[in-house]
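S.K.: Requesting a structural model of the entry that follows:
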Amino acid sequence: MNSYYVHNGTESSGPFNLTELKAKSILKTTPVWCEGMQDWKTAGEITELQSVFRVTPPSINTIPPIPKKSSEEANTKIIGIEKSFFYMLSGILVLVVGTLIFNFFEEGRSAELQQKNNITERNNLQFQLQEKEIEEQKNRIIEQEKQEFERVLKERKQTLNDRLFEIKQKLAADFSDLDQAKDKLAKATDFQFLRTNSERNEDISLIESEIENLKNEIENLKNEMDQLYLELEKIKA
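M.R.: Here you go, the predicted structure:
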């Protein structure tokens, strides 16, 4: 009869004979070793120790063991789940995964479409701003041209009025000179004392030439004045 050492998980004790082992109430899972064994074994693995274990009969109310399933019944289940229920769960799982994948790609497509729409809106807004800026530039140019045109008209109107004023002054002077020349002509015609006929005729010719020049100048000034008044009327219109 062999003597056995017992290991309690932290240290070994022994050796013990079968009677002593039985008194220690070892279990089938208790590690034991005896001379001739290469390594520790559980007590339940050693035939000689089977008489050491205490047999406890089951109580009356003990639940009967579950019968082993037949191979045919086992074939109706997959990983412990009824095949029909397993297939239904698999279908639902595939449907859920497919829905998630579809939603993922749909969200990506929507995001891409939204990004394109945002780019288009920005381009449209930029184009509208450019159009507005161009229109404002055109309006500014038109306004500047209008102001420049009004300035030129104002200056031209002032120039015309200044020239009219000069013409009126010149006409007044010419009319005064014409009246004086006519008086001189009348006096030269009537005055004969201490002058020869040739001298008298020469004086009369000079005065008449002066009168003719004054009349031509007055006529030219009047024509110019009429043209200036006509241009002023067009400006006012």
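S.K.: how close does Val152 get to Lys146?
M.R.: From Val152 across to Lys146, the span is 11 Å (C-beta to C-beta, to the nearest Å). (Glycine included, C-beta is placed from N, CA and C.)
S.K.: cool, Leu129 as well?
M.R.: Taken as C-beta to C-beta, the span from Leu129 to Lys146 is 25 Å.
S.K.: how about the helices in the protein?
M.R.: Listed in chain order, the helices of the chain (DSSP state H) span 18-23, 71-74, 83-190, 197-236.
S.K.: Ranking these by mean neighbour count, which comes first?
M.R.: Mean neighbour count (mean count of other C-beta atoms under 10 Å) peaks for helix 18-23 among those, with a mean of 14.
S.K.: Go ahead and measure how far it is from the middle of the chain.
M.R.: 91 Å (C-alpha atoms, centre = their mean, to the nearest Å).
S.K.: Extract the CA atoms of that helix and return them as CSV.
M.R.: Once non-C-alpha atoms are left out, helix 18-23 reads as follows in CSV (Å, rounded to 0.1, in the frame of the first residue of the first chain):
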residue,chain,number,x,y,z
LEU,A,18,-5.4,5.3,2.9
THR,A,19,-7.0,5.3,6.4
GLU,A,20,-5.4,8.7,7.1
LEU,A,21,-6.5,10.1,3.7
LYS,A,22,-10.0,8.9,4.3
ALA,A,23,-10.0,10.7,7.7
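S.K.: what pLDDT, on average, does it get?
M.R.: Computed over helix 18-23, the mean pLDDT rounds to 78.
S.K.: tell me what it is packed against?
M.R.: Contacting helix 18-23 under the criterion 3 or more C-beta pairs under 8 Å, 6 or more residues apart in numbering; DSSP states H and E is no other helix or strand.
S.K.: Now do the contacts for Lys168.
M.R.: Going by C-beta atoms under 8 Å, 6 or more residues apart in numbering, Lys168 touches Met225.
S.K.: What distance do you get for it to Thr19?
M.R.: According to C-beta to C-beta, Lys168 stands 163 Å off from Thr19.
S.K.: Please apply the same query to Asn139.
M.R.: 122 Å.
S.K.: before we move on, what about Leu178?
M.R.: 177 Å.
S.K.: With Glu208 instead?
M.R.: Glu208 is 185 Å from Thr19, where distance means C-beta to C-beta.
S.K.: now do Glu11
M.R.: Distance from Glu11 to Thr19, by C-beta to C-beta: 22 Å.
S.K.: Figure out how far stretch 159-166 is from the centre of its chain.
M.R.: That offset, for stretch 159-166, works out to 62 Å (C-alpha atoms, centre = their mean).
S.K.: what about it, average pLDDT?
M.R.: For stretch 159-166, mean pLDDT is 94.
S.K.: how about the nearest residue to Lys215, chain neighbours excluded?
M.R.: Leu178 (6.9 Å; C-beta to C-beta, 6 or more residues apart in numbering).
S.K.: where does this protein have low pLDDT?
M.R.: Scanning the chain with the threshold set as pLDDT under 70 gives 1, 54-80, 191-195.
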